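Participant: Provided below are the primary sequence and the corresponding predicted coordinates.
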Amino acid sequence: MYVKPLALPLHIQEAMALDRRVANTHLQKHAISKAAANLFSGYKGEESLIYHLNFLPEDDFLIFHYLRIPDGKGRFQLDFLLLSIYFFLIIEVKNIYDNVTFDEMGQVYRESAEKVEVFGNPVDQVNLQHRRLLSWLREMNLPAVPIEKIVVFSRDSTYLRNLTNNKIISDIVMHRHKILPKIDSFINRYRLARISEDQLMELSYRLLEEHNPEVYSGMEKFGMTTHDLIIGVICPGCRNVPMHWKSGKWLCLSCGLKSKTAHRPALADHSLLIGKSINNREAREFLKLNSNSITRKILQSEELDKIGVGSGMRYRLDIGKLLD
Ligand SMILES: [Zn+2]
């Protein structure tokens, strides 16, 4: 059962919104695009595990995607966490193309004809997550539950090499097709219930409560102001901007596409980059409309929550609602 199902985290949505809204000619464009693409490819890697996790016995595991839990030393992040009354499992997902080598010195790298790229060692990383989760759990005064961990490479074509004699690496590191047999081996190993169903539920609530999602602050990170952003409604067909509001619909002058809802992702972008609420004037500017009454009509058709009254009235831009 998914307690915290797979979802594109807000900070990645923000990174992608910023990339969409910055012109190719902007000085920071390359860095912004690269950061967004990296985050999104990491997420796609995590997404590719769902197919396999869906084969697990539904009632036996509580599954969390993306947890970021505060502890005394900051926050530790888990790509996936599986809880059962028998054991817990941390899954760290890596999305690296071509090849990955683990060597005797504990280095992890990708090799090509031109260069060697060194990465942080994901085994060290997952070991540290294990340690931090363990001490976080100790504070909850629960009975001890065995914690297992695996590092999963989400691309089937990544060639994994272990140049060490360390069997732990081959044991922990795998392709995604090996997840299910691996989890089966844990199921066979841990047959004794360590905590009650109630304790497990309590732990789940606590994890959800403590989850502290990452904040991207892309505008700040890249030294941007709202003047650096492309405004207007983006055509969902050809990405041309802006679309024009003509007789109750958005029209793309570049490809001819018409849409009644193309302002929704634009308002979501506003929420991600500029502010989580908007008033009539701001919406008129951002959507490049030339009438207050049309702006009001469009905003009201979305049934957004309203804050304040009269001329100070603002609409709450709920991303979940807008991108539903
Ligand atoms: Zn178009």
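Facilitator: Cool, the structure landed.
Participant: The closest residue to F222 other than its chain neighbours and the ion, how far apart?
Facilitator: Spatial nearest neighbour of F222, excluding adjacent residues (Cβ to Cβ, 6 or more residues apart in numbering): Q28 at 4.6 Å. Backbone N, C-alpha and C define where each C-beta goes, glycine included. For Q28, the distance to the ion equals 26 Å [Cβ to the ion, to the nearest Å].
Participant: mind listing what Q28 touches?
Facilitator: By Cβ atoms under 8 Å, 6 or more residues apart in numbering, the contact list for Q28 reads V22, F222, G223, M224.
Participant: just the buried members of those residues?
Facilitator: Neighbour-count burial (16 or more other Cβ atoms under 10 Å) is assigned, among the contacts of Q28, to V22, F222, M224.
Participant: The ion: which of the residues you listed is nearest?
Facilitator: Closest to the ion out of the buried ones among the contacts of Q28 is V22 (19.3 Å), distances taken as Cβ to the ion.
Participant: mind checking how far the nearest residue to L229 once chain neighbours are set aside is from T226?
Facilitator: Leaving aside its sequence neighbours, L229 sits nearest to R21 (Cβ to Cβ, 6+ apart; 4.5 Å). In this view, R21 and T226 are 10 Å apart by Cβ to Cβ, to the nearest Å.
Participant: The two: who's more crowded?
Facilitator: Higher neighbour count among R21 and T226: R21, with 26 against 15, using other Cβ atoms under 10 Å.
Participant: Contacts only, for the residue lying closest to L49 once chain neighbours are set aside.
Facilitator: Among residues not flanking L49 along the chain, R176 sits closest, at 5.7 Å (Cβ to Cβ, 6+ apart). Neighbouring residues of R176 by Cβ under 8 Å, 6+ apart: S48, L49, H52, V152, F153, S154, D156.
Participant: Using CSV, write down the CA coordinates of stretch 273-283.
Facilitator: The C-alpha trace of stretch 273-283 is given here as CSV (Å, rounded to 0.1, in the frame of the first residue of the first chain):
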residue,chain,number,x,y,z
LEU,A,273,8.0,30.9,-9.3
ILE,A,274,6.4,34.1,-8.2
GLY,A,275,3.8,33.6,-5.6
LYS,A,276,1.2,31.1,-4.3
SER,A,277,-1.6,33.6,-4.7
ILE,A,278,-2.5,36.1,-7.4
ASN,A,279,-4.8,39.1,-7.8
ASN,A,280,-6.7,40.2,-10.9
ARG,A,281,-4.0,42.7,-12.0
GLU,A,282,-1.2,40.2,-11.6
ALA,A,283,-3.1,37.5,-13.5
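Participant: Can you show me the strands along the stretch 51-200 of the chain?
Facilitator: 62-71, 74-83, 88-94, 99-102, 108-111, 116-119, 147-153, 159-162, 173-175 (DSSP state E, counting those that start in this stretch).
Participant: ok now the shortest one, how far from the chain's centre?
Facilitator: Averaging C-alpha positions (Cα atoms, centre = their mean, to the nearest Å) puts strand 173-175 21 Å from its chain's average.
Participant: So what are the sheet partners of that strand and their directions?
Facilitator: strand 147-153 (parallel) (DSSP bridges).
Participant: May I have the phi/psi pair for the residue in the stretch 1-150 of the chain positioned nearest to the ion?
Facilitator: Among the residues of the stretch 1-150 of the chain, R20 lies closest to the ion, at 14.3 Å counting by Cβ to the ion. For R20, the backbone dihedrals (degrees, to the nearest 10) come out as phi -60, psi -30.
Participant: was I right about it contacting D269?
Facilitator: Yes. With contact defined as Cβ atoms under 8 Å, R20 reaches D269; the gap is 6.6 Å.
Participant: Compare those two (neighbour count), which wins?
Facilitator: Of the pair R20 and D269, D269 is the one with more neighbours under other Cβ under 10 Å, namely 26 against 20.
Participant: hmm, back to that, show the overlap between the contacts of R176 and what lies near the ion.
Facilitator: Among the contacts of R176, not one lies near the ion by Cβ under 5 Å from the ion.
Participant: any chance of these in CSV, with neighbour count too?
Facilitator: Formatted as CSV, these follow (neighbours: other Cβ atoms under 10 Å):
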residue, neighbour count
S48, 16
L49, 19
H52, 15
V152, 26
F153, 22
S154, 20
D156, 9
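Participant: which one among those residues gets closest to L207?
Facilitator: Closest to L207 out of these is L49 (18.7 Å), distances taken as Cβ to Cβ.
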